[in-house]
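# sequence-free structure coming up:
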C-alpha cells in the first residue's frame, strides 16, 4: 500500500510522498467535494494557526482533523495509506 503524508504548507500543497514530493489532489481520483474542501482549507494555512502557537485557530484545526479523516477513508479505498507526522491531525481519525 502506498503511503502519503498529510501536511499543509504555504504553497497550497497538502499531501506528500515518502520522498517528500507533492501529490496533486486531482491525480488521486478523489470526490470533487473533498478536493474542493481540501483546497479551501489549505488556502487558509498559516503557521500562526498551528496548535503550539499562542494564536492557534481551533476551528481551522478541527476542520483539518475532519479533512484528514475523510481523505484517509477515500484514499484507503484507492489502496493508499494516509499518515501524519503530527498526532494532532489524526487525533479524531479512526485507524
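The structure has been received and is ready for your questions. Nothing here was measured: the structure is a model prediction, and the numbers come from that model. Numbering: from 1, shown residues only.
# return the set of buried residues in stretch 39-50.
41-42, 45, 49-50 (16 or more other C-beta atoms under 10 Å). From N, CA and C alone the C-beta is placed, and that goes for glycine too.
# report the distance from that stretch to the chain centre.
Relative to its parent chain, stretch 39-50 has a centroid offset of 11 Å by C-alpha atoms, centre = their mean, to the nearest Å.
# just stretch 16-32 next, same as before
Offset of stretch 16-32 from its chain centre (C-alpha atoms, centre = their mean): 10 Å.
# how long is it from one end to the other?
In stretch 16-32, first residue to last residue: 19 Å (C-alpha to C-alpha, to the nearest Å).
# what's the mean pLDDT across that stretch?
For stretch 16-32, the mean pLDDT works out to 93.
# all the helices of this protein, residue numbers only.
Counting by DSSP state H, the chain has helices at residues 32-43, 58-77.
# ok, and what's touching stretch 23-39?
4, 12, 14-17, 67, 70-71, 74-75, 78, 80 (C-beta atoms under 8 Å, 6 or more residues apart in numbering).
# which PyMOL command selects the buried ones in those?
Command for PyMOL that selects the buried part of the contacts of stretch 23-39, burial taken from 16+ other C-beta under 10 Å:
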select buried, resi 4+14+15+16+67+70+71+74+75+80
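# now, the most widely separated pair of the contacts of stretch 23-39?
Pairwise distances across those (C-beta to C-beta) peak at 21.5 Å, for the pair 12 and 78.
# wait, residue 64 touches residue 14, no?
No. Residue 64 is beyond contact range of residue 14, at 9.6 Å (criterion: C-beta atoms under 8 Å).
# which residues do the two both contact?
Taking C-beta under 8 Å, 6+ apart as the criterion, residue 64 and residue 14 both touch residue 8.
# any weak-confidence spans in the protein?
For the chain, the stretches flagged by pLDDT under 70 are 91-95.
# distance check, residue 12 against residue 22.
Using C-beta to C-beta, to the nearest Å, we find residue 12 at a distance of 9 Å from residue 22.
# before we move on, what about residue 14?
9 Å.
# same thing with residue 54?
30 Å.
# again, but for residue 73
Residue 73 sits 22 Å away from residue 22, going by C-beta to C-beta.
# okay then, goodbye and thanks.
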